[in-house]
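*Asks:* The sequence and its predicted three-dimensional model are supplied below.
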Amino acid sequence: MSLLEADHLFKVFGKHPDDAVERLRSGAGREELREDGATAAVVDACFEVGEGEIFVIMGLSGSGKSTLLRMLNGLAEPTAGRVLFDGQELTALNGRELRSVRSHRISMVFQHFALFPHRTVLENAGYGLEQQGVDRGERDRRAAEALELVGLGEWKDSWPDELSGGMQQRVGLARALATDADLLLMDESFSALDPLIRREMQEQLLQLQQQLRKSIVFITHDLNEAMRLGDRIAVMRDGRIVQQGTPAEIVLAPADDYVAAFVEDVDRDRVLGRAAVRPGGPGADRGAAGEVPQQAPRDAAAGGKAVNRG
């Protein structure tokens with residue numbers, strides 16, 4: 001069952017955005033619109049995200065992936081199209097209703113840690129609960145549980161500047177988990193980390209996913225990260241989704257030369273080996289065209305321990 005659906009989403013900045021959408025629907029290109037003062041950031045994006053699925057949106061800088069993510073929780077209003085969350089049309093909600101959904105059911109993990117320097121680790125992890133109006137005792141309990149999940153239970157009374165970059169990002173992840181949101185939106189969440197710490201964070205996310213089975217939309221420009229994390233991947237170019245499918249499908253049957261160039265240096269044996277040991281999982285038994293392909297549970301790798309800066 002899909003939890004999230006993007007239904008023909010467009011986002012145009014600049015002059016006459018509604019007219020620009022009609023021109024895009026009629027076949028106009030981005031460069032043609034740009035000459036007339038309009039920038040098409042997202043063009044006719046359609047996809048679904050299943051319950052318990054990690055859906056990765058991958059593309060280079062300027063491909064529209066972060067703008068698309070921001071439309072999924074109402075931080076950016078679509079020029080055209082709809083966002084459906086658990087059957088509810090988010091694009092039709094008023095401001096108060098949308099803030100309630102964002103506060104209780106959709107959490108976001110940012111690339112830059114967005115921690116409050118004057119709050120302890122525990123207080124930062126509980127910030128989302130504070131915005132929900134949860135009382136202090138319950139807030140601290142749930143924040144402490146989330147910090148334990150990400151391996152930072154012993155650091156709850158520390159200050160953000162006492163933590164390494166990887167540990168600070170774990171606090172951001174704990175803040176999202178503490179609210180028990182159904183959907184996590186992760187915008188280049190590991191991109192600012194050193195390679196070793198980034199790998200540990202990927203391992204920890206997979207480990208947590210085995211336990212929590214959240215629906216996750218993960219944005220990245222890194223193909224290896226996409227292949228490692230994604231149950232399915234959408235590849236974006238110039239505001240459009242040019243292909244979506246499982247890692248194995250994208251490696252074996254790239255939709256065009258652009259995708260083929262992306263996956264040219266991928267370790268195919270590793271990707272196909274991963275697919276071979278995944279007989280079932282989120283979205284399984286939905287084999288009809290356009291639906292989520294059959295998935296399988298991942299092997300939860302060890303790792304994701306807190307790193308002391310020393």
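*Replies:* Ah, there it is.
*Asks:* In the stretch 201-310 of the chain, mark out all the helices, start to finish.
*Replies:* Using DSSP state H, counting those that start in this stretch, the helices of the stretch 201-310 of the chain run over 223-229, 247-252, 257-263, 268-276.
*Asks:* burial of the residue nearest to Phe10 when sequence neighbours are not counted, as a residue count?
*Replies:* Spatial nearest neighbour of Phe10, chain neighbours left out: Ala80 (4.2 Å); criterion: Cβ to Cβ, 6 or more residues apart in numbering. All C-beta spots, glycine's among them, are computed from the backbone N, C-alpha and C. Ala80: 20 surrounding residues under other Cβ atoms under 10 Å.
*Asks:* do Ser191 as well
*Replies:* 14.
*Asks:* residues in contact with it?
*Replies:* Counting by Cβ atoms under 8 Å, 6 or more residues apart in numbering, Ser191 makes contact with 111, 198, 220-222.
*Asks:* Quick one: classify Ser191 as helix, strand or coil.
*Replies:* Taking DSSP: H, G, I helix; E, B strand; the rest coil as the rule, one finds Ser191 in the coil state.
*Asks:* Just the local confidence number for it, please.
*Replies:* Looking at Ser191, its pLDDT stands at 85.
*Asks:* still on that earlier bit, now the contacts of Ser191: which count as buried?
*Replies:* For the contacts of Ser191, a burial check counting by 16 or more other Cβ atoms under 10 Å picks out 111, 198, 220-222.
*Asks:* Strands - which of those residues land there?
*Replies:* Among the buried ones among the contacts of Ser191, DSSP state E puts Thr220 in strands.
*Asks:* Make CSV from the buried ones among the contacts of Ser191 and add pLDDT to it.
*Replies:* Listed next are the buried ones among the contacts of Ser191 as CSV, based on pLDDT from 0 to 100:
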residue, pLDDT
Gln111, 75
Arg198, 88
Thr220, 94
His221, 92
Asp222, 91
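*Asks:* With distance to Val12 as extra columns, can I get the buried ones among the contacts of Ser191 in CSV?
*Replies:* Shown next, in CSV, are these (distance: Cβ to Cβ, whole Å):
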residue, distance to Val12
Gln111, 24
Arg198, 33
Thr220, 24
His221, 23
Asp222, 28
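*Asks:* what would the helices of the stretch 201-310 of the chain look like in a markdown table with mean pLDDT, distance to Ala76 and mean neighbour count?
*Replies:* Below are those laid out as a markdown table (pLDDT from 0 to 100; distance: least, Cβ to Cβ, whole Å; neighbours: other Cβ atoms under 10 Å):
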| stretch | mean pLDDT | distance to Ala76 | mean neighbour count |
| --- | --- | --- | --- |
| helix 223-229 | 92 | 22 | 21 |
| helix 247-252 | 93 | 27 | 21 |
| helix 257-263 | 91 | 25 | 15 |
| helix 268-276 | 72 | 32 | 14 |
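*Asks:* For Arg136, find the nearest of these.
*Replies:* Arg136 lies closest, by Cβ to Cβ, to one member of the helices of the stretch 201-310 of the chain: helix 223-229, at 34.9 Å.
*Asks:* What residues of stretch 191-210 count as buried?
*Replies:* 192-193, 197-209.
*Asks:* Nearest to Arg142 among the contacts of Ser191?
*Replies:* For the contacts of Ser191, the nearest to Arg142 is Gln111 (24.7 Å; Cβ to Cβ).
*Asks:* What residues does the closest one make contact with?
*Replies:* Contacts of Gln111 (Cβ under 8 Å, 6+ apart): 187-189, 191-192.
*Asks:* what would those look like in TSV with distance to Arg136?
*Replies:* Shown next, in TSV, are the contacts of Gln111 (distance: Cβ to Cβ, whole Å):
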residue	distance to Arg136
Asp187	30
Glu188	33
Ser189	28
Ser191	34
Ala192	31
